[in-house]
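Chemist: Fold the following and give me the result.
(2 chains)
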Amino acid sequence: TQLLEQSPQFLSIQEGENLTVYCNSSSVFSSLQWYRQEPGEGPVLLVTVVTGGEVKKLKRLTFQFGDARKDSSLHITAAQPGDTGLYLCAGAPYCLFAGANSKLTFGKGITLSVRP
Amino acid sequence: DTGVSQDPRHKITKRGQNVTFRCDPISEHNRLYWYRQTLGQGPEFLTYFQNEAQLEKSRLLSDRFSAERPKGSFSTLEIQRTEQGDSAMYLCASSPGLADNQETQYFGPGTRLLVL
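Modeler: Numbers count the residues shown, from 1 in each chain, chains lettered A, B, ... in the order given. You can find the predicted model right below:
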């Protein structure tokens, strides 16, 4: 069974602070996706990382995929109240072949609160 | 709006009743997934369709659950004889399939079910 552990589970910070959160597993994934979810809504895709060691930037958000493709981090620079939400990481199975589905394994998420 | 849509957004029912949810994927997406998310947890995979064929079902999907995608477009998820433990957010996601050995899933807003 593939498990993804996210840490910390809860984070409350002041506007303008920087933060880094983590997504770890003992399993290898073909790709890792980060989503943000608002209460009562579905997850919205932020980024997909595919290559070990890959770094992707989305404005003030920086995502990194571990070299071994087992873990990922999300760094937010100068957090804003609009960044508040549940951040989910999800891994796709390592062995993808034609016809296989990539059902996602999700972590429990990180609840981020950014205070004005 | 050309995203994934789900209907209804909220459903309250009494224990023992049957409920049916609908998902309309992004046009021309041949893959469709159902997930279930309970409070404080990330989404968990339920079932997967490629076109009209249901190719995988999770062990979470008991005999009371049935899903269809009759014409390879919209999908329905039915729960018979609902139980209080079925209370959750039911999420649908669609994707265009594998590209460069990766697949991006786009989620709908979810249907929140409360069983009294």
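Chemist: what does chain A put close to chain B?
Modeler: A:4, A:30-31, A:33, A:35, A:40-45, A:48, A:50, A:88, A:90, A:92, A:96, A:98-109 (CB under 8 Å from any CB of the partner chain). Glycine gets a C-beta too; all of them are placed from N, C-alpha and C.
Chemist: now the end-to-end length of stretch A:47-66.
Modeler: 15 Å (CA to CA, to the nearest Å).
Chemist: Just the buried positions in that stretch, please.
Modeler: Buried residues in stretch A:47-66, defined by neighbour count with 16 or more other CB atoms under 10 Å in any protein chain shown: A:47, A:48, A:49, A:50, A:54, A:56, A:61, A:62, A:63, A:64, A:65, A:66.
Chemist: ranges for the strands of chain A?
Modeler: Assigned by DSSP state E, the strands in chain A fall at A:5-7, A:10-14, A:19-24, A:29-37, A:44-49, A:55-58, A:61-65, A:71-76, A:85-93, A:105-106, A:110-115.
Chemist: Redo those as JSON lines? Include distance to residue B:95 and mean pLDDT.
Modeler: Shown next, in JSON lines, are the strands of chain A (distance: least, CB to CB, whole Å; pLDDT from 0 to 100):
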{"stretch": "strand A:5-7", "distance to residue B:95": "23", "mean pLDDT": "95"}
{"stretch": "strand A:10-14", "distance to residue B:95": "30", "mean pLDDT": "96"}
{"stretch": "strand A:19-24", "distance to residue B:95": "21", "mean pLDDT": "96"}
{"stretch": "strand A:29-37", "distance to residue B:95": "11", "mean pLDDT": "92"}
{"stretch": "strand A:44-49", "distance to residue B:95": "11", "mean pLDDT": "93"}
{"stretch": "strand A:55-58", "distance to residue B:95": "19", "mean pLDDT": "96"}
{"stretch": "strand A:61-65", "distance to residue B:95": "20", "mean pLDDT": "96"}
{"stretch": "strand A:71-76", "distance to residue B:95": "20", "mean pLDDT": "96"}
{"stretch": "strand A:85-93", "distance to residue B:95": "10", "mean pLDDT": "92"}
{"stretch": "strand A:105-106", "distance to residue B:95": "16", "mean pLDDT": "94"}
{"stretch": "strand A:110-115", "distance to residue B:95": "24", "mean pLDDT": "96"}
